[in-house]
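Asker: Sequence below, structure please.
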Amino acid sequence: MKIFLFHIILALIWTAVTATFSFGNLLVGLVLGYLVLVVVGPAIDQSNYTRRVWKGITLILFFLKELVASSIRVAIDVMRPGFHMQSGVVDIPLDVTSDLEITLLANMISLTPGTLSIEVSDDKKELFIHAMYIDEGVEHVRENIKSGMERHIMEVTRGYADKG
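Answerer: Numbers count the residues shown, from 1 in each chain. Coordinates of the predicted model:
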């Protein structure tokens, strides 16, 4: 967490030195700060941070891809005459364990059209979701969430993805 704050401070120093306080200049400062951390990271034993930044960008891009794909699927289904969806409640066994990871996963699922997080079990081992499309099977829905969103979240929060 300290390295993240150092990254933000580097970006703020850049905006102060250039005396241009704009969003674009702050982004330039973040990129330059990142490059500094890439160079200095091994010396201060923080090379893992730079990998996690890329994993975070990958998570955002993956989520945007899922968002667009599911939006198109739901829009087509809504505009098509007839009833073509097969919905149901699916329990997802969780590999994510922290409150942050579970909350992030549940929110990403709820923000994706066609799926909605309903509840987390008391022992935080299962997440119950409602899915509009379980026509390929409940196991297919589980596998998509576990190998997609959950794996990406673990790569960002832990620096790796658990395989078991």
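Asker: So for the residue nearest in space to the middle of the chain, what's the nearest residue that isn't a sequence neighbour?
Answerer: In the chain, the centroid-proximal residue (Cα atoms, centre = their mean) is residue 59; its distance is 4.3 Å. Nearest-residue entry for residue 59: residue 152, 4.3 Å, with adjacent residues in sequence omitted and distances by Cβ to Cβ, 6 or more residues apart in numbering. Any C-beta I mention is one placed from the backbone N, CA and C, and that applies to glycine too.
Asker: doesn't residue 56 make contact with the one you found?
Answerer: No: if you go by Cβ atoms under 8 Å, residue 152 and residue 56 don't touch, sitting 9.1 Å apart.
Asker: I'd like the distance between residue 11 and residue 53.
Answerer: Going from residue 11 to residue 53 by Cβ to Cβ, to the nearest Å gives 13 Å.
Asker: those helices in this protein, which residues are they?
Answerer: Assigned by DSSP state H, the helices in the chain fall at 2-18, 23-40, 47-79, 99-111, 138-145, 151-158.
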